[in-house]
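Student: pasting the sequence and the predicted coordinates here, then a few questions.
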Amino acid sequence: MGTASAALPNTVVVFFRSSIGLATLLPWILGVDLRNGDLNGTTATDVAKVDYFRVDGSTATYIFTATAAPWSYRFVAPEAPPAGSTLTLRAVATDLSLNEGPPATITWDVKPNLAPQNVTVTMLPAGAIYPGNHALATVTFDDEGTQATAQVDASALKSDGSAYAKSLVKTVIRAKVSDPWPAAQLDFDLPANLKQGTKVTFDASVTDVRGLKGTGSAQLDLSVDSIAPQVLSLTPASGTRYSIGQKYSIVAVIKDSETGASEVTFAFDNQSIKVTVPSSQVTAGADHTWTFNSGQITVPAKNVDTTIPITITAKDYSGNPISRSTEVVYVGVNDPTVPKGAWLCPIEKAAYPANSTLSVKLQARATDDIAVTGVKFTVPGVSGPIAATRVGTSDVYEATTTLTTGAAGTPLTLSATLPMNPLSAPTVAV
């Protein structure tokens, strides 16, 4: 505790505000209470300075002079051996008339600066977790200082045998050494492709301002997912009717509370669309749900009303499947009129260099009294027909292809096909 000598009247007396144990090499502020006469006297206002000394035995060594309020002294506690040591400081106040008050001394026990102690990692959830979920690591520790850095390194094995590693860091601060340390919480978003049936390890280290480090660790079992996902909803509703040229999408909302939904396959009208995570066609929702969208589907021509079965198959990251079905109706069209078409590019008898490979744009105009559902080009030397793309909302359809010419004078015949109406083909001269 701090002490003050007996005081003479009208002299400024120093009283120390507190005396607590110190940790070595950490900053501290020594505060004083300056009063006239003694502890019960009025607060001194005619203070000129306060001189501070370090006392070792009978030797007092001058170290600092405070010349303005609050008359305190900021210092760093000295290095201490493992068994600890003591530090004694002395203060002497002088008033404006240069009257020097009695010395006051204070002695502390100085503790050595140890590495952070009792580093503990607590996991939420505790014990086990499915891959693809959040794991919250809470780090607690003891230390003499007021600032430390907590780091947690997560490590595990992925399903493909490669290593998973993730590090998170947080600075932890308390206002003063008498305050409790706040816990450091670090949230890990574990990937869904971690190997089930193994463990994920969380190694924590807490480093103080001197670089001394304390460590701790925790583990979670990676649970094996044998539970299939759930299909919460599937649209369009059964029996929904669509006419030729209409566009619609198949949408499935999938829930999987374990490893998460990984893919959905949409099967319909002899077609299959597979959508896997991540994708712009997948939207993550709350409570372990995902919305999968097939993308736009254009209704083709059907001669009669046709029921189109739709089956979706969803899987989680363990491959557990679930299927759900619905059906829609494509409205039939009785269309005896043949579509009409005309070549736009290349023009009849267009000339190209012989023995060359060229990039050529193909264009045709296609119309029908009901709808044109597609245009395809056939090019010599190119296997299979080339599907054309409609230009905006116009009647023009186009595609770009590579054309290989032969010897000079050899004609090439290109053709375009509309449903039920092959166009007369231009002859391209070489």
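Tutor: Alright, I've got the coordinates. Residues are numbered from 1 along each chain as shown.

Student: gap between the closest residue to residue 176 other than its chain neighbours and residue 44?
Tutor: Spatial nearest neighbour of residue 176, excluding adjacent residues (Cβ to Cβ, 6 or more residues apart in numbering): residue 146 at 6.6 Å. To be clear about C-beta, it is placed using only N, CA and C from the backbone, and glycine gets the same treatment. According to Cβ to Cβ, to the nearest Å, residue 146 stands 31 Å off from residue 44.

Student: show me where the stretch 51-200 of the chain has its strands.
Tutor: 59-66, 73-76, 85-95, 104-111, 117-124, 128-129, 134-142, 147-157, 163-173, 184-189, 199-208 (DSSP state E, counting those that start in this stretch).

Student: would JSON lines of the ones you listed with mean pLDDT, distance to residue 252 and mean neighbour count be doable?
Tutor: As requested, those are exported to JSON lines (pLDDT from 0 to 100; distance: least, Cβ to Cβ, whole Å; neighbours: other Cβ atoms under 10 Å):
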{"stretch": "strand 59-66", "mean pLDDT": "95", "distance to residue 252": "74", "mean neighbour count": "14"}
{"stretch": "strand 73-76", "mean pLDDT": "87", "distance to residue 252": "65", "mean neighbour count": "14"}
{"stretch": "strand 85-95", "mean pLDDT": "91", "distance to residue 252": "72", "mean neighbour count": "19"}
{"stretch": "strand 104-111", "mean pLDDT": "86", "distance to residue 252": "63", "mean neighbour count": "18"}
{"stretch": "strand 117-124", "mean pLDDT": "96", "distance to residue 252": "32", "mean neighbour count": "16"}
{"stretch": "strand 128-129", "mean pLDDT": "97", "distance to residue 252": "26", "mean neighbour count": "17"}
{"stretch": "strand 134-142", "mean pLDDT": "97", "distance to residue 252": "25", "mean neighbour count": "18"}
{"stretch": "strand 147-157", "mean pLDDT": "97", "distance to residue 252": "30", "mean neighbour count": "19"}
{"stretch": "strand 163-173", "mean pLDDT": "97", "distance to residue 252": "29", "mean neighbour count": "13"}
{"stretch": "strand 184-189", "mean pLDDT": "97", "distance to residue 252": "24", "mean neighbour count": "16"}
{"stretch": "strand 199-208", "mean pLDDT": "97", "distance to residue 252": "31", "mean neighbour count": "20"}
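
Student: looking at the ones you listed, which is nearest to residue 296?
Tutor: Closest to residue 296 of the strands of the stretch 51-200 of the chain is strand 184-189 (Cβ to Cβ; 32.0 Å).

Student: who does that closest one pair up with?
Tutor: strand 134-142 (antiparallel) (DSSP bridges).

Student: chain center to the partner strand: distance?
Tutor: 19 Å (Cα atoms, centre = their mean, to the nearest Å).

Student: next one: residue 412, what pLDDT does it get?
Tutor: pLDDT, residue 412: 80.

Student: er, residue 195 actually
Tutor: 96.

Student: contact partners for it?
Tutor: Neighbouring residues of residue 195 by Cβ atoms under 8 Å, 6 or more residues apart in numbering: 131, 156, 157, 158, 159, 222.

Student: now those residues in CSV, with distance to residue 387?
Tutor: CSV is the format used below for the contacts of residue 195 (distance: Cβ to Cβ, whole Å):
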residue, distance to residue 387
131, 41
156, 46
157, 45
158, 39
159, 38
222, 46
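
Student: what's the closest of the strands of the stretch 51-200 of the chain to residue 48?
Tutor: strand 85-95 (4.9 Å).

Student: and the closest one, what does it pack against?
Tutor: strand 12-16, strand 32-36, strand 47-56, strand 73-76, strand 104-111 (3 or more Cβ pairs under 8 Å, 6 or more residues apart in numbering; DSSP states H and E).

Student: make CSV from those and add distance to residue 241 to it.
Tutor: CSV is the format used below for those (distance: least, Cβ to Cβ, whole Å):
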stretch, distance to residue 241
strand 12-16, 90
strand 32-36, 90
strand 47-56, 93
strand 73-76, 83
strand 104-111, 82
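
Student: pretty sure residue 151 contacts residue 207?
Tutor: Yes - taking contacts as Cβ atoms under 8 Å, residue 151 lies within contact range of residue 207: 7.5 Å.

Student: ok so, going back, just curious, which of the contacts of residue 195 is nearest to residue 112?
Tutor: For the contacts of residue 195, the nearest to residue 112 is residue 156 (37.7 Å; Cβ to Cβ).

Student: what sits against the closest one?
Tutor: Neighbours of residue 156 in contact, by Cβ under 8 Å, 6+ apart: 163, 164, 190, 194, 195, 198, 199, 200, 201, 222.
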